[in-house]
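**Q** what follows is a predicted structure for the sequence shown.
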Amino acid sequence: MTTAPMILDARACARRGRPSARQRGVAFVLVLWVIAMLAILLGSFSLVARTESLQSRHLFDSTQARYAAEAGLNLAVFELRKSDPVQQWIGDGRPYVFNYGDAKIEVRITDDSGKIDINAADAIRLTSLFMTRGLELDQAEAIAAAVIDWRDPDDDAQPNGAEISEYKGAGLSYGPKNAPFDTVSELQQVLGMNYALFSALEPSLTIYSGRTDPNAAYASTPEALMATGCEREQAEQLIQLRQGMSTAEIAAAGLTGCDGTSPIVAGGGGLTYSVKSRATLLNGASTILDATIRMGGVSVAGRPFVILRWRDGETS
């Protein structure tokens, strides 16, 4: 008589000890959430690891390319110091390409005597230079006068020039330096100058030659030659022709400047050079080193040249 109730109680207990369908569903969802969280954590870790790997690779490539570009600069100095004019590299902006390890290096050297010296050029030469970029005569004359007012020691404004009152009238908190330019980039502070104009002219400018006119044998930009009276097409043709010849060939060919009479002699430059060295690795990473050096003597670092300007790390 007691067997049936006992069986019923056992079945009830069994039902109470077994999880319900609702409980099983909640547990399944929790398991899915845990798996999702683990997947997110693993993905985040993988992304961080990949990012750090790419950063390390970029740093390695940049460093390798930078030192390869510096090797190009040192080779340029070595080639410029050669006494044989046939083997000596010419500083007229022509490219010299060679391999260094896994890097391809292109070096361009410009003798700064072929540039416009903004500390020495007169108003006529500066006006001609600014007009090469499309400025009207009155605007070019005003900027040229402002350049002279910036570098001269007095406070007397040139005709159409700019001294302290003109700078204040333009809302600027500074005035002309009344001293020579210390860097080419300082030209951007002159009243009337803008970044677009400066960027277009910067390769044609220097503060190191001391010449009133650029040396046509080394001018590497049309603007530098156009400032001396060349037409743009004439200047481009002269540069192209000259860069395809050696020093001896230039002398033998009897090349002349834009006036048709002044001979071009590629042997009477200065000791200051602007060197642009681009190193490109096999994977496409590249770095540009842009420096101005002065040959002669031995620097503190033991180099046979002195660094006057140094800009590197420009990558593409």
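**A** Cool, the structure landed.

**Q** so how far is stretch 197-215 from its chain's centroid?
**A** Centre-to-centre, stretch 197-215 and its host chain are 17 Å apart (Cα atoms, centre = their mean, to the nearest Å).

**Q** repeat for stretch 42-59
**A** For stretch 42-59, the distance to the chain centre is 29 Å (Cα atoms, centre = their mean).

**Q** so for it, mean pLDDT?
**A** Averaging pLDDT along stretch 42-59 gives 78.

**Q** contact partners of it?
**A** For stretch 42-59, contacts defined as Cβ atoms under 8 Å, 6 or more residues apart in numbering pick out A285. Heads up, the C-betas are built off the backbone N, CA and C, glycines and all.

**Q** same question for stretch 162-173.
**A** Contacts for stretch 162-173 (Cβ under 8 Å, 6+ apart): 142, 145-146, 149-150, 155-157, 174-176, 190-192.

**Q** could you rerun that using 10 Å?
**A** 142-143, 145-150, 152, 154-157, 160, 174-176, 178, 189-192 (Cβ atoms under 10 Å, 6 or more residues apart in numbering).

**Q** show me which of those residues are buried.
**A** Among those, those classed as buried by 16 or more other Cβ atoms under 10 Å are 142-143, 145-150, 152, 157, 160, 175-176, 189-192.

**Q** pop the domain breakdown of this protein in here.
**A** 1-35, 61-115+214-316, 124-193 (automatic domain parsing).

**Q** how about Q237, what does it touch?
**A** Q237 makes contact with 222, 230-231, according to Cβ under 10 Å, 6+ apart.

**Q** try F60
**A** When contacts are counted by Cβ under 10 Å, 6+ apart, F60 is found next to 281, 285.

**Q** what about it, which helix or strand?
**A** helix 21-80 (DSSP states H and E).

**Q** which one of the contacts of Q237 is nearest to I124?
**A** C230 (14.9 Å; Cβ to Cβ).
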